[in-house]
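S.K.: Next comes the sequence, and after it the predicted model I'd like to discuss.
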Amino acid sequence: MLVNLKGIMKDAIDSNRIIPAFNVFGYEDAKMVIEVAECLNAPAILMTNRDAANFMDVKYYGALFGKMAVESSAPVCVHLDHGKSKSEIAAAIQANYSSVMYDGSSLPLEENIKISKEINEFCEACNVSFEVEVGCVGYSNPNIKVKEKLTKPEEVKEMHKKTGVDCIAVAVGNVHKMQEQKGVIDFDRLTDIKNSNSVPLVIHGSTGISDDQISRMRYYGIGKMNIGTALRMAFGNTLRDYLQDNPNSFDRIEFVQKPMEEVRKIIEEKYRLLGWG
């Protein structure tokens with residue numbers, strides 16, 4: 001069934017679980033996420049990141065993922081990640097996305113709040129859940145010019161009070177696109193944020209967080225954890241090995257079989273770390 005984040009996040013937090021949100025790029029990886037969720041009686045979040053949105057219009061992703069969500073026995077949320085403008089958010093809502101994120105993290109807080117409040121109003125009208133970012137999660141790639149800014153508890157409180165958004169992504173040592181688990185989470189900061197706010201939190205850049213830290217984070221009011229690089233690495237590395245061993249293969253459907261088996265293993269492991277199964 002197609003759902004937004006509101007109910008499934010609350011239920012997850014109440015049971016000390018976090019819902020993994022996976023960046024997916026097409027039918028194959030979305031199918032793996034949904035199948036694992038159904039096996040675990042867990043919710044699923046199919047997420048479109050900026051790379052995917054720049055590659056193909058969200059109306060096509062929305063049609064595919066929305067149909068897959070409706071036909072699933074699991075609660076499935078279709079989420080736009082890092083929308084940068086009102087027009088991008090509107091396009092996703094029109095394309096059947098049940099949840100969206102606006103990324104105003106590079107803006108001064110008051111401007112981020114102003115735009116977020118405006119977007120939240122039409123998200124509420126459309127029954128679409130809405131995520132924002134306070135502070136700024138950095139990137140491991142130095143060519144991406146985004147400066148990390150750790151989140152302050154009082155800024156989360158101000159954002160939630162003035163906008164009423166459904167969840168807030170925070171920067172507490174997590175880093176986008178990190179390929180190794182070298183991130184160091186500031187649990188003192190995360191504790192302060194949790195204790196001073198009731199809004200569900202979101203963690204981006206989870207591939208770079210160690211397994212023990214991921215499991216520990218289940219108890220800090222986090223409702224959603226974004227995972228993308230881990231799946232892309234599993235797919236790309238397995239495909240590369242397959243092509244080296246089968247240089248005469250050319251069938252696209254044949255190509256994706258082994259990579260998707262490895263992607264499924266990563267999905268299952270992340271669900272387990274976050275308290276499911």
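M.R.: Structure's in. What do you need? Residues are numbered from 1 along each chain as shown.

S.K.: Would you enumerate the residues in contact with K224?
M.R.: L5, M9, I18, I19, A21, I45, E131, C167, P200, V202, I203 (CB atoms under 8 Å, 6 or more residues apart in numbering). Where C-beta positions appear, they are placed from N, C-alpha and C, glycine not excepted.

S.K.: Correct me if wrong: the second one contacts A21.
M.R.: What it means is M9. No - counting by CB atoms under 8 Å, M9 sits too far from A21 to count as a contact (10.4 Å).

S.K.: Tell me what N226 is bridged to.
M.R.: A21 (DSSP bridges).

S.K.: what number of residues lie near the closest residue to Y27 other than its chain neighbours?
M.R.: Nearest non-adjacent residue to Y27, counting by CB to CB, 6 or more residues apart in numbering: L64, 6.4 Å away. By other CB atoms under 10 Å, 17 other residues sit near L64.

S.K.: Buried residues, the helix or strand containing L64. List them.
M.R.: Under the criterion of DSSP states H and E, L64 resides in helix 58-71. Buried positions in helix 58-71, judged by neighbour count with 16 or more other CB atoms under 10 Å: V58, Y61, G62, L64, F65, G66, M68, A69.

S.K.: Equivalent analysis for stretch 267-277, please.
M.R.: So stretch 267-277, judged by 16+ other CB under 10 Å, has buried residues I267, E268, K270, Y271, L273, L274, G275, W276.

S.K.: quick one: which of the residues you listed is nearest Q181?
M.R.: Q181 has its nearest neighbour among these in L273, at 11.5 Å by CB to CB.

S.K.: Could you export the buried residues of helix 58-71 as CSV, including distance to R189?
M.R.: Below are the buried residues of helix 58-71 laid out as CSV (distance: CB to CB, whole Å):
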residue, distance to R189
V58, 33
Y61, 34
G62, 35
L64, 38
F65, 34
G66, 37
M68, 37
A69, 34
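
S.K.: Now the residue nearest to C123 when sequence neighbours are not counted. Its backbone dihedrals?
M.R.: Sequence neighbours aside, F130 is the residue nearest to C123 in space, at 4.1 Å (criterion: CB to CB, 6+ apart). Here is the backbone geometry of F130 (degrees, to the nearest 10): phi -140, psi 130.

S.K.: separation between F130 and E124?
M.R.: 8 Å (CB to CB, to the nearest Å).

S.K.: Specify which residue of the two has the higher count of neighbours.
M.R.: Set F130 next to E124 and count neighbours by other CB under 10 Å: F130 wins out with 26 against 14.

S.K.: Mind checking which of the buried residues of stretch 267-277 land in strands?
M.R.: Assignment to strands by DSSP state E places none of those there.

S.K.: E148 and V170, how far apart?
M.R.: The value you get for E148 to V170, if CB to CB is used, is 12 Å.

S.K.: and for these two, which residues touch both?
M.R.: Counting by CB under 8 Å, 6+ apart, the shared contacts of E148 and V170 are V137.

S.K.: which residues are common contacts for F130 and E124?
M.R.: Counting by CB under 8 Å, 6+ apart, F130 and E124 have no contacts in common.
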